[in-house]
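In: Quick one, fold the following:
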Amino acid sequence: MPARLTGFLLLLVTAIGWALNWPAMKILLREWPPLFSRGVAGVAAAILLGVIATSVGENIRVPREWMPRLLLASATNVFAWMGFSTLSMKWLSVSEGALLVYTMPIWSMLLAWPIAKRKPSTAGFGALALGLAGVVVLLSAHGFDFDSDKFAGIAFALSAAVLFALGTVITHTPMPIPPISLVAWQVGIGCMPMVLLGWFIEHPSFSALHADGWAVLIYMSLVPMAVCYLAWFATLRRLPADIASIGMLLVPIMGIVAAALSLGEPLGMREAVDAFGCRHRDASKTSGIKLKSGGNIYTRP
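Out: Just a heads-up that it's a prediction; the model follows:
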């Protein structure tokens, strides 16, 4: 099979796996608290990825001088991104949470201007305006009349997007760590605090997790955090980074559709308008940040 076609198939596998993770999180939150559930899935995936990295001959050792960079990337691109986005699902629908979280290209472009001295182009300003308009459309469903719970969900979703964008801008230089090992370290370091915080703050009950909850937990560990990352790095070896990143903009769209079909969440004009705007917010073009298989985790489920 030609490398380009293989890359598109792997990209599709990645997008579908990450998209289905959004309604899966909503199901799991019915039985387990957000931080603990996402942390357990992440730590399990990190162990699996570490075993895979070792089996394919990667060197999993992290040079001492790169440890601060690894910790920063894990904090912004995993702990904040995964933890805050999962917390937002307690108060938001999948469509609201996914579309707000995937505003990170907007914040990447804005933060890259003062930090990396990358002034947006005319097209970039147009994409910024379109993206912000989509956020306004999404949040105006109830006339901007938010209760405290709704506001907390919006705050966590936007915090996940902004912190992920900040981490992308600050740590965009690739680290000299093999790709699978890098993902294993970042996911493990970023998710372990979720497990500890969840255990002491959320007080999870193992007996509360039923068959469907266990199925979702296993799916989150194996597919979005393990299989999809392996497929993602394989995609980057076969397709240009800008094409791969554009393909990832399918994730919130497919996640909204999956939530409508599986959870009965609304799928109307408001979600469609904002999803259309989401397709035009491409971080790799507006902020000048390139995706590299040896760099940080730049796109997350």
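In: Every contact and neighbour count from this point should use C-alpha atoms.
Out: Will do.
In: Show me the shaky parts of the stretch 1-150 of the chain.
Out: For the stretch 1-150 of the chain, the stretches with pLDDT under 70 are 1, 124, 128, 131-132, 134-147.
In: those strands in the stretch 51-200 of the chain, which residues are they?
Out: With DSSP state E, counting those that start in this stretch as the criterion, the stretch 51-200 of the chain has no strands.
In: For it, just list every one of the helices.
Out: Under the criterion DSSP state H, counting those that start in this stretch, the stretch 51-200 of the chain contains helices at 67-74, 85-88, 94-101, 104-116, 122-139, 148-170, 179-197.
In: What separation do you get for residue 65 and residue 53?
Out: Using C-alpha to C-alpha, to the nearest Å, residue 65 is found at 21 Å from residue 53.
In: Measure how far the lengthiest helix in the chain is from the centre of its chain, please.
Out: The longest helix of the chain (DSSP state H) is helix 3-28. How far helix 3-28 lies from its chain's middle: 12 Å, per C-alpha atoms, centre = their mean, to the nearest Å.
In: How about stretch 204-213?
Out: Centroid separation for stretch 204-213 versus its chain: 24 Å, with C-alpha atoms, centre = their mean.
In: what distance separates the start and the end of that stretch?
Out: End-to-end span of stretch 204-213 (C-alpha to C-alpha): 13 Å.
In: buried residues in that stretch?
Out: By 16 or more other C-alpha atoms under 10 Å, the buried positions in stretch 204-213 come out as 204, 209, 213.
In: Over to stretch 215-232?
Out: 216-217, 219-232.
In: Contacts for it, please.
Out: By C-alpha atoms under 8 Å, 6 or more residues apart in numbering, the surrounding residues in contact with stretch 215-232 are 10-11, 13-15, 17-18, 21, 24-25, 27-28, 37, 41-42, 44-46, 48-49, 180, 183, 301.
In: Ends of it, what's the gap?
Out: OK, stretch 215-232 end separation, C-alpha to C-alpha: 23 Å.
In: quick one: which of residue 65 and residue 53 has more around it?
Out: residue 53 (20 against 8; other C-alpha atoms under 10 Å).
In: got the contact list for the more buried one?
Out: 59, 60, 180, 181.
In: Only whichever of those are buried, select them in PyMOL.
Out: Buried members of those, defined by 16+ other C-alpha under 10 Å, are picked up in PyMOL with:
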select buried, resi 60+180+181
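In: And the contacts of residue 53, which two are furthest apart?
Out: 59 and 180 (9.7 Å; C-alpha to C-alpha).
In: List just the nearest of the buried residues of stretch 215-232 to residue 163.
Out: Within these, the smallest distance to residue 163 is 19.6 Å, found for residue 225 (C-alpha to C-alpha).
In: how near is that closest one to residue 104?
Out: Noted for residue 225: a distance of 20 Å to residue 104, by C-alpha to C-alpha.
In: same deal with residue 214?
Out: The gap separating residue 214 from residue 104 is 30 Å, by C-alpha to C-alpha.
In: Could you check which of the two is surrounded by more residues?
Out: Higher neighbour count among residue 214 and residue 104: residue 104, with 25 against 13, using other C-alpha under 10 Å.
In: Enumerate every residue touching residue 42.
Out: Contact partners of residue 42, counting by C-alpha under 8 Å, 6+ apart, are 187, 188, 191, 192, 221, 225.
In: Tabulate these (CSV), appending pLDDT and distance to residue 109.
Out: Output for those, formatted as CSV (pLDDT from 0 to 100; distance: C-alpha to C-alpha, whole Å):
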residue, pLDDT, distance to residue 109
187, 92, 25
188, 94, 28
191, 95, 27
192, 96, 30
221, 91, 31
225, 86, 26
